[in-house]
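1. with the sequence up front, the predicted model follows.
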Amino acid sequence: MGDRMADRLSRDELKRRVYAAIDRRAEEIVAVGERIRRHPELGFKEARTAALVAETLGRLGREPKSGLALTGVRADLPGGAGGGPTLALLGELDALVVAGHPEADPVTGAAHACGHNAQIAGLLGAAMGLADAGAADHLGGRVVFFAVPAEEYGDLEWRIAEARAGRLEFLGGKPELLRLGHLDDIDLAMMIHTTAQPEHRKAGVPTSNNGCVVKTIRYVGKAAHAGGAPHRGVNALYAAQIGLMAINALRETFRDEDTIRVHPIITHGGSQVNVIPAEVRLETYVRGKSVEAILDAEAKVDRALRAGALALGAKVEIETLPGYMPMTCDPTMAALFRENAVALVGEDQFVVVGHRTGSTDMGDLSQIMPVLHPYMGGARGTGHGADYEIEDRELAYVAPAKMLAAMAVDLLADGAAGARAVLAAAKPPMTREGYLAFQRGLARRAVYES
Ligand SMILES: [Zn+2]
Ligand SMILES: [Zn+2]
């Protein structure tokens, strides 16, 4: 039993102190989560939520930097025991528009139907626990608390306009933070996402997630009197419908193992009913497990979209935007999380989730550094659905604070031996520059006129 056991005990002791500090702040942590839940904001517009984060971190004696990638907030806690690696703990600020959600903002339609409010509660709770327990003195590396904007990739017309005005380049929060250099000094990162899926139990780690590209599509036809002279028009809505049908016909060509997801929406379907639609706009993601699978599927989707224009004699403009990269969770970090989760929620409440078919911009980070993106329970209903709600405030808001803080202790105590082990074993496939070049290379605009 030598030093290893002694180190082990000191980490456990530190965690006990941090957990006790978080328990003392439990009411405050729950209040943060509930306050954000009642004031949902869309990505890159999370001004009120960001202000709450900055104010809370400021009260903990940190000096937060705000306005990073428009609304991100970052505060650093330097380790007092050496200059080891830097760990970022992330929480996502944004909500999304879900029709019929009872708590949707009456003006924007935004609702916390993905539980990101719980992420911020957990992040701030971890900051409180580590600060109150004086953990920094024992940590051999820096902890960065980072509230990040715009994980939900939507509100596209507004974001594209912001990009044209030069205020954004990428349309997701973490890619923008990467581009702007706000993550340049981060060596490894993690966050905890709330889940409402019972099969995830109280805590689970996925092995991987789909990535995606994003497309905005504009069919252009010719307006004419819909009753008096429809033969003089070109119906862009019918062209779009044929494009959508052709995409659906492609689905049998997608291999199960590539987990392709294509799910277009119509955002504009015509100007008024007595006019043959001259303009119809669509948006879609093309998701898949690997970059190769995504590129194969998105080329087929473009071909299908062109078929609609060909059939009607219309024009289609397809703008392809970089989306999110596929994500891989770091196995060394996952093993540490498992230990902490089992200690907190019990062996029978921990599960390895496998591959997930949603996408997250944590995937972009995973291309260049080791990351972990576990799930914890406490919500019920349907993710991105009108019935999504937090049902267990302790599990949704307070338990993630403990888990984030415990991971900071495990990775950065003992001279940051844990983080060094993660970094020694990890082989992220891309450099920052390579990542930026790859994403920029995906962007293109194609016009097809039959
Ligand atoms: Zn979501
Ligand atoms: Zn989410």
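-> Thanks, I have the structure now. Residues are numbered from 1 along each chain as shown. Ligands and ions are numbered 1, 2, ... in the order given.
2. tell me how many other residues surround the closest residue in space to G134 that isn't next to it in sequence.
-> Leaving aside its sequence neighbours, G134 sits nearest to R17 (CB to CB, 6 or more residues apart in numbering; 8.0 Å). From N, CA and C alone the C-beta is placed, and that goes for glycine too. By the criterion of other CB atoms under 10 Å, R17 has 18 neighbours.
3. R17 and A133 touch, don't they?
-> Yes. Using CB atoms under 8 Å, R17 makes contact with A133 at a distance of 4.2 Å.
4. ok, and what's touching stretch 228-240?
-> Identification of contacts with stretch 228-240 by CB atoms under 8 Å, 6 or more residues apart in numbering yields 217, 219-226, 266, 269-270, 276-280, 282, 308-309, 311-314, 316.
5. pLDDT score for the residue nearest to G134?
-> For R17, the pLDDT comes out at 97.
6. contact partners for A424?
-> Residues near A424 by CB under 8 Å, 6+ apart: none.
7. how about the helices of the protein, start to end?
-> Secondary structure of the chain by DSSP state H: the helices cover 3-24, 26-38, 47-59, 116-132, 156-164, 173-180, 236-250, 291-312, 331-345, 362-366, 393, 399-425, 432-442.
8. helices and strands around the fourth one, which ones?
-> Right, the one you point to is helix 116-132. Judged by 3 or more CB pairs under 8 Å, 6 or more residues apart in numbering; DSSP states H and E, helix 116-132 is in contact with helix 3-24, helix 26-38, helix 47-59, strand 72-77, strand 86-92, strand 142-148, strand 193-194, helix 399-425.
9. how about a cut-off of 7 Å?
-> Counting contacts by 3 or more CB pairs under 7 Å, 6 or more residues apart in numbering; DSSP states H and E, helix 116-132 packs against helix 3-24, helix 26-38, helix 47-59, strand 86-92, strand 142-148, strand 193-194, helix 399-425.
10. the last one vs helix 116-132, what angle?
-> Spelled out, it's helix 399-425. 80 degrees (axes from the mean of the first three to the mean of the last three CA atoms, to 10 degrees).
11. how about the third one?
-> Inter-element angle recorded for helix 47-59 and helix 116-132: 10 degrees (by the same axes, to 10 degrees).
12. would you put the C-alpha positions of helix 47-59 in PDB?
-> Extracted C-alpha coordinates of helix 47-59, given in PDB (Å, rounded to 0.1, in the frame of the first residue of the first chain):
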ATOM      1  CA  ALA A  47     -27.500  37.400 -22.700                       C
ATOM      2  CA  ARG A  48     -29.600  37.000 -19.500                       C
ATOM      3  CA  THR A  49     -28.300  33.500 -18.800                       C
ATOM      4  CA  ALA A  50     -24.700  34.600 -19.500                       C
ATOM      5  CA  ALA A  51     -25.100  37.600 -17.100                       C
ATOM      6  CA  LEU A  52     -26.300  35.200 -14.400                       C
ATOM      7  CA  VAL A  53     -23.200  33.000 -15.000                       C
ATOM      8  CA  ALA A  54     -20.800  35.900 -14.900                       C
ATOM      9  CA  GLU A  55     -22.400  37.300 -11.700                       C
ATOM     10  CA  THR A  56     -22.200  33.900  -9.900                       C
ATOM     11  CA  LEU A  57     -18.600  33.300 -10.900                       C
ATOM     12  CA  GLY A  58     -17.700  36.900  -9.900                       C
ATOM     13  CA  ARG A  59     -19.200  36.300  -6.400                       C
END
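13. by contact count, what packs against that helix?
-> helix 26-38, strand 72-77, helix 116-132, strand 142-148.
14. which one of these lies closest to Q439?
-> When those are compared for distance to Q439 using CB to CB, the nearest one is strand 142-148, at 16.9 Å.
15. V262 - how many residues pack around it?
-> The tally of other residues near V262 (other CB under 10 Å) stands at 22.
16. report the beta-bridge partners for the closest residue to it other than its chain neighbours.
-> Nearest non-adjacent residue to V262, counting by CB to CB, 6+ apart: V286, 5.3 Å away. Note on V286: beta-bridge partners by DSSP bridges are V213, V262.
17. which intervals of this structure have sub-threshold pLDDT?
-> Applying pLDDT under 70 to the chain flags residues 1-9.
18. and with 90 instead?
-> Where the chain drops to pLDDT under 90, the residues are 1-10, 80-83, 200, 450.
19. surely the residue nearest to G134 and L130 touch.
-> No. Here R17 lies out of contact with L130, judged by CB atoms under 7 Å, at a distance of 9.8 Å.
20. was I right about A304 contacting I242?
-> No. A304 lies out of contact with I242 (CB under 7 Å); the separation is 8.8 Å.
21. thinking again about what came up before, so for E339, which of the helices and strands packed on helix 47-59 sits nearest?
-> That would be, of the helices and strands packed on helix 47-59 and by CB to CB, helix 116-132, which comes in at 17.1 Å.
22. tell me what angle that closest one forms with strand 72-77.
-> Computed with the same axes, to 10 degrees, the direction of helix 116-132 lies at 20 degrees from that of strand 72-77.
23. tell me the angle of helix 116-132 relative to strand 142-148?
-> Using the same axes, to 10 degrees: helix 116-132 against strand 142-148 is 160 degrees.
24. CA atoms only: put helix 116-132 into PDB for me.
-> Extracted C-alpha coordinates of helix 116-132, given in PDB (Å, rounded to 0.1, in the frame of the first residue of the first chain):
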ATOM      1  CA  HIS A 116     -29.100  22.900 -20.800                       C
ATOM      2  CA  ASN A 117     -30.300  24.900 -17.800                       C
ATOM      3  CA  ALA A 118     -29.300  21.900 -15.700                       C
ATOM      4  CA  GLN A 119     -25.800  22.000 -17.300                       C
ATOM      5  CA  ILE A 120     -25.300  25.600 -16.200                       C
ATOM      6  CA  ALA A 121     -26.600  24.700 -12.700                       C
ATOM      7  CA  GLY A 122     -24.100  21.800 -12.500                       C
ATOM      8  CA  LEU A 123     -21.200  23.900 -13.900                       C
ATOM      9  CA  LEU A 124     -21.800  26.700 -11.300                       C
ATOM     10  CA  GLY A 125     -22.400  24.200  -8.600                       C
ATOM     11  CA  ALA A 126     -19.000  22.600  -9.300                       C
ATOM     12  CA  ALA A 127     -17.400  26.000  -9.200                       C
ATOM     13  CA  MET A 128     -19.000  26.700  -5.900                       C
ATOM     14  CA  GLY A 129     -17.900  23.400  -4.400                       C
ATOM     15  CA  LEU A 130     -14.300  23.600  -5.600                       C
ATOM     16  CA  ALA A 131     -14.100  27.300  -4.400                       C
ATOM     17  CA  ASP A 132     -15.700  26.700  -1.000                       C
END
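25. I am finished for the moment; much appreciated.
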